[in-house]
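Trainee: Just the structure for this:
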Amino acid sequence: MHRADFVFLEHTNRVVARKGITFGFRYRLTEVQTNSPLDVEMLVSYPPLTFGNGERAAQRRPLLVRFRPGDVTRAHFAGFTFDQEFEMVPGEWTVALRYKGRDILNKKFNVVKE
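Mentor: Numbering: from 1, shown residues only. As a prediction, this is how the structure comes out:
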(Lines give C-alpha, C1' and ligand atoms only; values in the text may rest on other atoms or scores of the structure.)
Protein backbone atom coordinates (compact mmCIF):
# COMPACT_ATOMS: atom_id res chain seq x y z
CA MET A 1 0.00 0.00 0.00
CA HIS A 2 1.47 3.29 -1.01
CA ARG A 3 -0.91 6.17 -0.35
CA ALA A 4 -0.58 9.15 1.94
CA ASP A 5 -4.16 10.42 1.80
CA PHE A 6 -5.46 8.06 4.48
CA VAL A 7 -7.34 9.52 7.40
CA PHE A 8 -6.26 7.99 10.68
CA LEU A 9 -9.22 7.14 12.88
CA GLU A 10 -7.01 6.25 15.82
CA HIS A 11 -3.32 6.42 16.71
CA THR A 12 -2.50 3.12 18.39
CA ASN A 13 -0.34 0.00 18.22
CA ARG A 14 -3.36 -2.19 19.05
CA VAL A 15 -5.29 -3.33 15.97
CA VAL A 16 -8.53 -5.31 15.97
CA ALA A 17 -8.47 -8.08 13.34
CA ARG A 18 -11.51 -7.22 11.23
CA LYS A 19 -12.07 -7.44 7.48
CA GLY A 20 -11.38 -4.09 5.82
CA ILE A 21 -9.27 -2.67 8.67
CA THR A 22 -6.09 -0.94 7.49
CA PHE A 23 -3.18 -0.22 9.81
CA GLY A 24 0.25 1.26 9.29
CA PHE A 25 2.02 4.60 9.36
CA ARG A 26 2.60 7.71 7.33
CA TYR A 27 6.22 8.57 6.53
CA ARG A 28 8.36 10.99 4.60
CA LEU A 29 11.83 10.23 3.24
CA THR A 30 14.28 13.03 3.97
CA GLU A 31 17.82 13.85 2.98
CA VAL A 32 17.29 12.08 -0.35
CA GLN A 33 18.75 13.68 -3.45
CA THR A 34 17.96 11.76 -6.61
CA ASN A 35 17.12 12.45 -10.23
CA SER A 36 16.24 8.83 -10.88
CA PRO A 37 13.66 6.43 -9.42
CA LEU A 38 14.30 5.25 -5.87
CA ASP A 39 13.42 1.70 -4.81
CA VAL A 40 12.39 0.97 -1.22
CA GLU A 41 11.12 -2.38 0.03
CA MET A 42 8.08 -2.49 2.31
CA LEU A 43 8.07 -5.68 4.34
CA VAL A 44 5.11 -6.88 6.42
CA SER A 45 5.91 -9.64 8.95
CA TYR A 46 3.19 -11.51 10.83
CA PRO A 47 2.37 -14.66 12.84
CA PRO A 48 1.88 -17.94 10.94
CA LEU A 49 -1.07 -17.77 8.53
CA THR A 50 -2.87 -20.74 6.98
CA PHE A 51 -4.74 -20.46 3.70
CA GLY A 52 -8.24 -21.97 3.41
CA ASN A 53 -6.72 -25.04 1.70
CA GLY A 54 -4.49 -25.74 4.72
CA GLU A 55 -1.28 -24.48 3.07
CA ARG A 56 0.94 -22.27 5.24
CA ALA A 57 1.71 -18.73 4.04
CA ALA A 58 5.16 -17.16 4.20
CA GLN A 59 5.53 -15.10 7.38
CA ARG A 60 6.79 -12.06 5.49
CA ARG A 61 5.29 -10.23 2.55
CA PRO A 62 7.69 -7.97 0.62
CA LEU A 63 6.56 -5.24 -1.75
CA LEU A 64 8.85 -3.10 -3.89
CA VAL A 65 7.89 0.58 -3.79
CA ARG A 66 9.38 2.65 -6.61
CA PHE A 67 9.41 6.42 -6.08
CA ARG A 68 9.58 8.77 -9.04
CA PRO A 69 12.14 11.55 -8.52
CA GLY A 70 9.49 14.21 -7.76
CA ASP A 71 7.63 11.98 -5.27
CA VAL A 72 10.52 10.88 -3.05
CA THR A 73 10.15 13.48 -0.30
CA ARG A 74 6.32 13.64 -0.26
CA ALA A 75 4.32 11.98 2.54
CA HIS A 76 3.57 8.29 1.93
CA PHE A 77 1.78 5.45 3.74
CA ALA A 78 3.01 1.95 4.54
CA GLY A 79 0.70 -0.66 5.99
CA PHE A 80 -1.61 -3.60 5.56
CA THR A 81 -5.35 -4.16 5.04
CA PHE A 82 -7.17 -7.27 6.23
CA ASP A 83 -8.86 -8.53 3.06
CA GLN A 84 -9.21 -12.26 3.78
CA GLU A 85 -10.40 -14.21 6.83
CA PHE A 86 -7.18 -16.27 7.01
CA GLU A 87 -5.12 -13.05 7.43
CA MET A 88 -6.83 -12.04 10.65
CA VAL A 89 -4.39 -13.74 13.01
CA PRO A 90 -3.66 -12.18 16.40
CA GLY A 91 -0.11 -11.50 17.47
CA GLU A 92 2.75 -9.21 16.61
CA TRP A 93 2.74 -7.71 13.12
CA THR A 94 5.56 -5.49 11.85
CA VAL A 95 5.56 -3.06 8.95
CA ALA A 96 9.10 -2.12 7.89
CA LEU A 97 10.81 -0.11 5.18
CA ARG A 98 14.18 -1.22 3.83
CA TYR A 99 16.60 0.62 1.60
CA LYS A 100 19.55 -1.20 0.06
CA GLY A 101 18.92 -4.18 2.37
CA ARG A 102 18.89 -2.13 5.58
CA ASP A 103 15.88 -1.29 7.78
CA ILE A 104 15.25 2.44 7.75
CA LEU A 105 11.93 2.40 9.59
CA ASN A 106 9.72 -0.19 11.30
CA LYS A 107 6.69 -0.25 13.54
CA LYS A 108 5.19 -3.12 15.50
CA PHE A 109 1.44 -3.62 15.91
CA ASN A 110 -0.39 -5.91 18.34
CA VAL A 111 -3.27 -7.50 16.42
CA VAL A 112 -6.08 -8.80 18.62
CA LYS A 113 -9.30 -10.74 17.95
CA GLU A 114 -12.50 -8.78 17.74
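Trainee: okay, residue 6: pLDDT?
Mentor: According to the prediction, residue 6 has pLDDT 63.
Trainee: isn't residue 38 right up against residue 70?
Mentor: No - checked against CB atoms under 8 Å, the pair residue 38 and residue 70 is beyond contact range at 11.0 Å. For glycine as for every other residue, the C-beta is placed from the backbone atoms N, C-alpha and C.
Trainee: ok, residues contacting the worst-scoring helix or strand of the chain on mean pLDDT?
Mentor: Every helix and strand of the chain was ranked by mean pLDDT, DSSP states H and E. The lowest is strand 60-67, at a mean of 86. Strand 60-67 is contacted from outside by 2, 29, 37-46, 76, 78, 80, using CB atoms under 8 Å, 6 or more residues apart in numbering.
Trainee: Which parts of this structure are strands?
Mentor: Under the criterion DSSP state E, strands of the chain are mapped to 14-17, 22-28, 38-45, 60-67, 75-81, 91-99, 102-113.
Trainee: List the contacts of residue 23.
Mentor: 15, 79, 80, 93, 95, 109.
Trainee: in this protein, what spans have low per-residue confidence?
Mentor: 1-8, 33 (pLDDT under 70).
Trainee: 80 instead, please
Mentor: In the prediction, the chain carries residues with pLDDT under 80 at positions 1-11, 30-36, 69-73.
Trainee: now the spatially most central residue of it, nearest residue through space, not along the chain?
Mentor: For the chain, the residue nearest the mean C-alpha position is residue 79 (2.8 Å; CA atoms, centre = their mean). Nearest residue to residue 79 in three dimensions, chain neighbours excluded: residue 24, at 1.7 Å (CB to CB, 6 or more residues apart in numbering).
Trainee: Quick check: that neighbour vs residue 65, distance?
Mentor: 12 Å (CB to CB, to the nearest Å).
Trainee: just residue 112 next, same as before
Mentor: 28 Å.
Trainee: more crowded one of the two?
Mentor: Under the neighbour definition other CB atoms under 10 Å, residue 112 and residue 65 were set side by side, and residue 65 has more, 14 against 11.
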